[in-house]
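Engineer: With the sequence up front, the predicted model follows.
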Amino acid sequence: MSNPVTRRWDRETALVAGLAACISVTSFIFYFRHDAVLLYGDAVAHINIARRVFDSLTPGLLQLGTVWLPLPHLLMIPFLFSDWAWRTGAGASVPSMIAYVLGTIGIFRLVRKALSFRTQSDAAARIAAWLAAIVFAANPNLIYLQTTAMTEPLYLALFIWAVVYFFEFAQQAALGDRELAASASSSLMKCGLCLAGASFTRYDGWFLTLVILAVTLAVILKTKRPGSKDLRNFTLLVVFGPATWLAYNAIIYRNPLEFANGPYSARAIEQKTSRPGYPPHPGTHNLPVAGSYFLKSVELNVVAGKWQRMWIVLLLMGTAMSLIFNHRLWPLLLLWVALPFYMFSMAYGGVPIFVPEWWPFSFYNVRYGLEMLPALAVFAALAMHFMAGLVRNNKGKSVLRIAVLIFVAGSYWSVWRVQPVCYREAWINSRSRIVLESDLAARLKTIPANSIVLMYLGDHVGAIQQAGIPVRRVINEGNHRTWRHPSDPQGLWEQALSNPPQHVDFVVATEGDPVSTNGQTKRLIQIAQIHVPGQATTTIYRTNSHSE
């Protein structure tokens, strides 16, 4: 029979989950009604990658492609069978919303466990756990992002729970209690499952896996627990994701690093868009600059205005106090793992972050700063907890806690006043794209039903989605045998490119894409042309196989 403390914690966890679910649903309704769910071009791309797995002339798992990892798309598929859920993007928001709730519960549990492991839980630990959950769940940028099909909410949930289970494993193993040996093994395996999921969600998970694997080995060598069998199983579990993805790329694309150096990789895109004589992005081959840009994006995700540095100070203070006052909390340092990952990614991996306050004074990947939100939430709560512990009277403790809550509320209010930076990033970068795709969708709705269209979907697949044209009516770059290199002459995509009238009724060509550059459009009948400032010209052609 569970003790009263456990039952109380269970009730509190349910309350945390309920409140997070209410925030999630309410915010989704708000942003959905304001047409903000599909602002991110990447969100639109994620949705249609998932849809193409079953809605395509060549359906199957190969439609998952190579650059983005597969788990987010696989989780979206059950919610995209409905045409309405696909067209509106609502179906793809469900996994993100669930992940947001689970991430909030994980933050609450992590702080609660950290401050009450094997001890009678007290009010101070409960207050700290609630503060951490509030900092995480009330963040305006996360609230917006979890209404979209972006991968960050899912990764954050898996990251948080990996740290939760690793923390429990490390504490159980350190006690050297035989009765806890089974619990330690169980916690380690659960951590491994979360790492496997994270490794199939974002490449951040690969770095996280490497770090936790190394730290796990150190814990085992020090404590002699668990046994070699558990270590072997954990290792096999966590390397499964990266090994599988490398093997997939090697078999299908003849290049195990296709996702990193292929034509659709971040590095290749940067090389195409960078200006000669200028650095591709701030922080290229410069770790300190890369770190400063990433930390700036972290600040922008929690506050607008003059209080930005205060959050970094609070983060550092909470980290230092945790190590000084309770060395048992050292596993929480894993929450910092995003900083070195993005520093190296920006400096040497072709991953840019642009922030509006610094050169080049624009928005790009600012959302990456949210990867530090778990650390901010946990260490802000721990800073409050340990500072309150230094105050002797209850009134002083209450004043300190209220002051921290006011600071958090003021920070988030400043964000709401100017709109969350992730929302602004999505809105600013999508304006011309949405205009073009809406115009193109309106024109595509007028073509006869059951017409077959030739179109490159790498740029403006949102037009097909808005028009409600099933992807199986569109011959696109995914309709060929990807293992045939350098091209597949027998592939449907290549055949349609070489002779459009034989395969399709209409052709959509955007200046610079493979359809426009193959030269076959000169033999077709132009029926519409769309010009939008900031976007390449898009032309719709009718083939000779179709008569008006």
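Structural biologist: Okay, I see it. Residues are numbered from 1 along each chain as shown.

Engineer: And the pLDDT for residue 4?
Structural biologist: Predicted confidence (pLDDT) at residue 4: the value is 48.

Engineer: hang on, residue 472 packs against residue 54?
Structural biologist: No: counting by C-beta atoms under 8 Å, residue 472 stays clear of residue 54, with 9.2 Å between them. Glycine gets a C-beta too; all of them are placed from N, C-alpha and C.

Engineer: What helices and strands are in contact with the helix or strand of the chain with the lowest mean pLDDT?
Structural biologist: The helix or strand of the chain with the lowest confidence, counting by mean pLDDT, DSSP states H and E, is helix 266-273 at a mean of 77. In terms of contacts (3 or more C-beta pairs under 8 Å, 6 or more residues apart in numbering; DSSP states H and E), helix 266-273 is packed against helix 258-261.

Engineer: Return the distance of the strand or helix carrying residue 153 from the chain's centre.
Structural biologist: Using DSSP states H and E, the secondary-structure element containing residue 153 is helix 152-175. Relative to the chain's own centre, helix 152-175 is displaced by 18 Å; criterion: C-alpha atoms, centre = their mean, to the nearest Å.

Engineer: Take it, keep the C-alpha atoms, and write them as CSV.
Structural biologist: Included here for helix 152-175 are C-alpha records, laid out as CSV according to Å, rounded to 0.1, in the frame of the first residue of the first chain:
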residue,chain,number,x,y,z
GLU,A,152,11.5,20.8,-30.4
PRO,A,153,8.6,19.9,-28.0
LEU,A,154,9.0,16.2,-28.6
TYR,A,155,12.7,16.3,-28.2
LEU,A,156,12.5,18.4,-25.0
ALA,A,157,10.1,15.8,-23.5
LEU,A,158,12.4,12.9,-24.3
PHE,A,159,15.5,14.9,-23.2
ILE,A,160,13.9,15.8,-19.8
TRP,A,161,12.7,12.2,-19.1
ALA,A,162,16.2,10.8,-20.1
VAL,A,163,17.7,13.1,-17.4
VAL,A,164,14.9,12.1,-14.9
TYR,A,165,15.7,8.4,-15.3
PHE,A,166,19.4,8.9,-15.3
PHE,A,167,19.2,11.0,-12.1
GLU,A,168,17.2,8.2,-10.5
PHE,A,169,19.7,5.6,-11.7
ALA,A,170,22.7,7.5,-10.5
GLN,A,171,21.2,8.0,-7.0
GLN,A,172,20.1,4.4,-6.7
ALA,A,173,23.4,3.1,-7.8
ALA,A,174,25.3,5.4,-5.5
LEU,A,175,23.5,4.1,-2.4
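
Engineer: low-confidence ranges in this structure?
Structural biologist: Under the criterion of pLDDT under 70, the regions of the chain flagged as low confidence span 1-9, 117-121, 176-180, 224-227, 276-277, 545-548.

Engineer: Grab the nearest non-local neighbour of residue 246.
Structural biologist: Beyond its immediate neighbours in the sequence, the residue positioned closest to residue 246 (C-beta to C-beta, 6 or more residues apart in numbering) is residue 256, lying 4.4 Å away.

Engineer: Which phi and psi values does that neighbour adopt?
Structural biologist: phi -60, psi -20 (degrees, to the nearest 10).
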